[in-house]
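K.L.:
Give the three-dimensional model of this entry:
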Amino acid sequence: MKHKNNKQIYDAIRWIALLPAVCLVWWIVLYICISIDRWFSTEPFFGLGLWFLVIYFAILPAIAMFFTAKYIAPKYKNIMGCVAVFLCIAWVLLLWYGLSHMAY
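P.N.:
Here you go, the predicted structure:
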């Protein structure tokens, strides 16, 4: 009985840690991508600036968030991975919407 109780506590801690871990992974991957981009940041890469933004802000963080959520979630791993990808896309769209409506 005690072993089952410890497992339930451990699973609850994993559920609680899921959202902060996914947020932290998004921030870390974004920071790494932007740091790498600074090394190669000369003239725009043949007009591909928008594509690099999509790759850096959405695709690479979404992949990392999927696997982080899949690793941390105690149950429903694929569903939580898909929710993390949806969350990443929602954050990026909210970020771009906010940046596009900034008043100077």
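K.L.:
From what I see, Asn78 and Tyr71 are in contact.
P.N.:
No. The criterion here is C-beta atoms under 8 Å, and Asn78 misses it with Tyr71 at 11.9 Å. C-beta here means a position set from N, CA and C on the backbone, and glycine is covered the same way.
K.L.:
okay, and the common contacts of the two?
P.N.:
Common contact partners of Asn78 and Tyr71 (C-beta atoms under 8 Å, 6 or more residues apart in numbering): none.
K.L.:
Where in the chain is the helix or strand with the lowest mean pLDDT?
P.N.:
helix 49-54 (a mean of 76; mean pLDDT, DSSP states H and E).
K.L.:
which parts of that helix are buried?
P.N.:
In terms of neighbour count (16 or more other C-beta atoms under 10 Å), helix 49-54 has no buried residues at all.
K.L.:
Where does the prediction get shaky in this protein?
P.N.:
1-3, 40-49, 103-104 (pLDDT under 70).
K.L.:
what ranges do the helices span in it?
P.N.:
2-39, 49-54, 60-72, 77-100 (DSSP state H).
K.L.:
Would you mind finding the most buried of those helices?
P.N.:
Mean neighbours per residue, mean count of other C-beta atoms under 10 Å, is largest over these for helix 60-72, with a mean of 20.
K.L.:
Grab the most central residue of the chain for me.
P.N.:
When C-alpha atoms, centre = their mean is applied to the chain, the residue found nearest the centroid is Trp26 (3.3 Å).
K.L.:
in terms of contact, does that one touch Cys88 like I think?
P.N.:
Yes. Counting by C-beta under 8 Å, Trp26 touches Cys88, with 6.1 Å between them.
K.L.:
anything in contact with each of these two?
P.N.:
Pro61, Met65.
K.L.:
Having no further points to raise, I will conclude here.
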